[in-house]
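>>> just to be clear, the model below is a prediction. Sequence and coordinates:
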Amino acid sequence: MKYVCPICKTPLMLQQKTWSCSNNHRFDCAKEGYVNLLPVQNKHSKDPGDNKEMMFARREFLNKGHYQLLSDRVNALAKRHCPDAKLGLDVGCGEGYYSHRLFDSLPELDLQGLDISKSALKYASKRYKDMSFCVASAFEMPFENEQFDFMLRIYAPSLDEELRRVIKQGGTLITVSAGKHHHFALKELIYEAPKHHISESSHIQGFELVHRENLEAELVLNDEVDITHFLNMTPYSWKLTQQQKADMISQGLKCELDFKIEVFKAT
């Protein structure tokens with residue numbers, strides 16, 4: 001992996017367990033294996049990213065396989081559109097669920113994970129020791145220009161110009177965002193006039209859209225723990241009343257899954 005110093009933008013070199021640049025800016029690897037390349041002055045909070053409760057809930061929910069259909073489809077599209085990719089980046093990788101399943105399905109791909117949440121990467125690094133992870137912002141990524149030939153972005157905010165900067169010309173970017181009907185049954189409980197998600201195809205500067213599809217299914221949860229984890233990993237947890245949550249936990253939960261999956265080529 002070729003990191004650049006997040007402070008002075010010069011290359012970082014690894015000696016033992018410390019990354020350092022020619023200006024002697026130093027970044028130690030954590031005991032779990034990840035490296036924190038998010039300078040204190042670039043943080044907008046003490047612990048940026050999802051809080052520990054949301055991280056734990058998402059980890060437990062995903063590990064039960066409730067969104068495996070999305071992971072399987074992303075992996076299939078990666079195999080189809082970039083079977084020879086060697087170096088990849090998962091932007092906003094979180095706890096590494098999608099990352100490690102893609103890593104396992106494409107043995108020739110060296111996949112790096114990036115996330116702004118240190119809590120998430122502690123877990124990811126500890127569990128998926130064959131992968132590399134760094135704490136950093138997707139808006140200012142600590143990588144050299146045109147380094148990756150594959151990138152994945154699932155529900156992660158980022159800058160178009162940063163995505164294009166770090167990917168090679170002709171490289172493949174797969175993105176996942178909410179489709180038109182995603183979780184609409186929950187929205188109907190919360191809002192008087194719920195709105196559908198944007199259904200149009202995305203435009204990312206510096207990329208050409210080569211494929212778009214919607215992956216639709218119904219999420220059915222009857223286990224109280226699964227329902228609690230699902231609610232706690234989403235913003236809906238803050239908007240639902242305690243009675244609404246209790247009703248869902250006792251009666252079960254059904255809602256739409258609608259994932260908008262898009263494949264781009266860097267131009």
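Yes, it's here. Numbering: from 1, shown residues only.
>>> the stretch 101-250 of the chain: helices as residue ranges?
118-127, 160-166, 184-190, 224-232, 236-239, 242-251 (DSSP state H, counting those that start in this stretch).
>>> would you turn these into JSON lines with distance to Ile174 and mean neighbour count?
The C-beta positions use only the backbone N, C-alpha and C, and glycine is treated the same way. Shown next, in JSON lines, are the helices of the stretch 101-250 of the chain (distance: least, C-beta to C-beta, whole Å; neighbours: other C-beta atoms under 10 Å):
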{"stretch": "helix 118-127", "distance to Ile174": "19", "mean neighbour count": "21"}
{"stretch": "helix 160-166", "distance to Ile174": "12", "mean neighbour count": "17"}
{"stretch": "helix 184-190", "distance to Ile174": "24", "mean neighbour count": "16"}
{"stretch": "helix 224-232", "distance to Ile174": "24", "mean neighbour count": "19"}
{"stretch": "helix 236-239", "distance to Ile174": "26", "mean neighbour count": "14"}
{"stretch": "helix 242-251", "distance to Ile174": "32", "mean neighbour count": "13"}
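>>> could you tell me the least trusted of the ones you listed?
Here these differ in mean pLDDT, and the lowest is helix 236-239 at a mean of 84.
>>> max-length helix in this protein?
helix 68-81 (DSSP state H).
>>> which residues of the protein fall in strands?
In the chain, strands defined by DSSP state E lie at 13-15, 18-20, 26-28, 35-36, 87-91, 110-115, 132-135, 148-154, 167-178, 207-221, 253-266, listed in chain order.
>>> where does the stretch 1-150 of the chain dip in pLDDT?
Residues of the stretch 1-150 of the chain meeting the criterion pLDDT under 70: 41-50.
>>> if we go to 90?
For the stretch 1-150 of the chain, the stretches flagged by pLDDT under 90 are 1-2, 39-55.
>>> and the residue nearest to His196 when sequence neighbours are not counted, what are its phi and psi?
Distances taken as C-beta to C-beta, 6 or more residues apart in numbering put Lys180 closest to His196, at 4.7 Å, once the chain neighbours are dropped. Here the main-chain torsion angles of Lys180 (degrees, to the nearest 10) amount to phi -50, psi -40.
>>> tell me the contacts of Lys180?
Lys180 makes contact with His196, His197, Ile198, Ser199, Asn214, Asp258, Lys260, according to C-beta atoms under 8 Å, 6 or more residues apart in numbering.
>>> turn those residues into CSV, columns for neighbour count and pLDDT.
Converted to CSV, these look like this (neighbours: other C-beta atoms under 10 Å; pLDDT from 0 to 100):
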residue, neighbour count, pLDDT
His196, 13, 92
His197, 15, 90
Ile198, 12, 87
Ser199, 12, 88
Asn214, 13, 97
Asp258, 19, 97
Lys260, 21, 98
